[in-house]
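# sequence plus the predicted model coming up.
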Amino acid sequence: MTDHCSPELQSLLSCNVEVRDDELGVDVVVSLHEMYTARACDELAVALAELVEGGEVIQVRTAGQWPEGLLLHAGVHRDDWVYDIEGVHDIDEWIDRWGRGMEIEVRFIDPATEQQTFQNARSRQLAVDTAHYLLDAPELGSARKSLLQM
């Protein structure tokens, strides 16, 4: 999915960060792409939604199978578009991609209710910084003026 990203977004996605793996009890190094597609997409979605006027968190979760309600991915929804670590996506294509043909539930959530999402102050700051950098990428550049609350 990142093959067609601008050099600016590609650079952001490949940045490595050290995070705590609480299950293993060790620090691990992951790329921001992995961090916000496989670990903490909900944290980035909340941080990004705080910057997007009229944006709401959108979640794709499992439904009708075990484990029920498992978060598959989260982003920010506004005007039939979804914004996440990989840029801007048509909402229907984004849901299809992350639903992967499974039975899913799509939830729309006010970001103000999701503040408990952050693991700690460090993870919140990383998500906020990433959201700001993401809004500077060309993929969001054309939408930036209407997205940012200034």
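All right, it came through fine.
# just the pLDDT for Ala131.
With respect to pLDDT, Ala131 scores 93.
# please name every helix or strand in contact with the host helix or strand of it.
Using DSSP states H and E, Ala131 sits in helix 121-135. Applying 3 or more C-beta pairs under 8 Å, 6 or more residues apart in numbering; DSSP states H and E, one finds that helix 121-135 contacts helix 7-14, helix 41-49, helix 138-147. In short, each C-beta sits where N, CA and C put it, glycine included.
# which of these sits most buried?
Highest mean neighbour count of the helices and strands packed on helix 121-135: helix 41-49, a mean of 26 (counted as mean count of other C-beta atoms under 10 Å).
# hmm, back to that, so which of the helices and strands packed on helix 121-135 comes closest to Phe118?
helix 41-49 (5.6 Å; C-beta to C-beta).
# which residues of the protein score low on pLDDT?
Applying pLDDT under 70 to the chain picks out residues 1-4, 115, 141-150.
# hmm, 80 instead?
1-6, 20-24, 65-66, 112-119, 139-150 (pLDDT under 80).
# returning to that earlier point: need the helices and strands packed on helix 121-135 in JSON lines with distance to Asp27, can you?
As requested, the helices and strands packed on helix 121-135 are arranged in JSON lines below (distance: least, C-beta to C-beta, whole Å):
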{"stretch": "helix 7-14", "distance to Asp27": "19"}
{"stretch": "helix 41-49", "distance to Asp27": "17"}
{"stretch": "helix 138-147", "distance to Asp27": "30"}
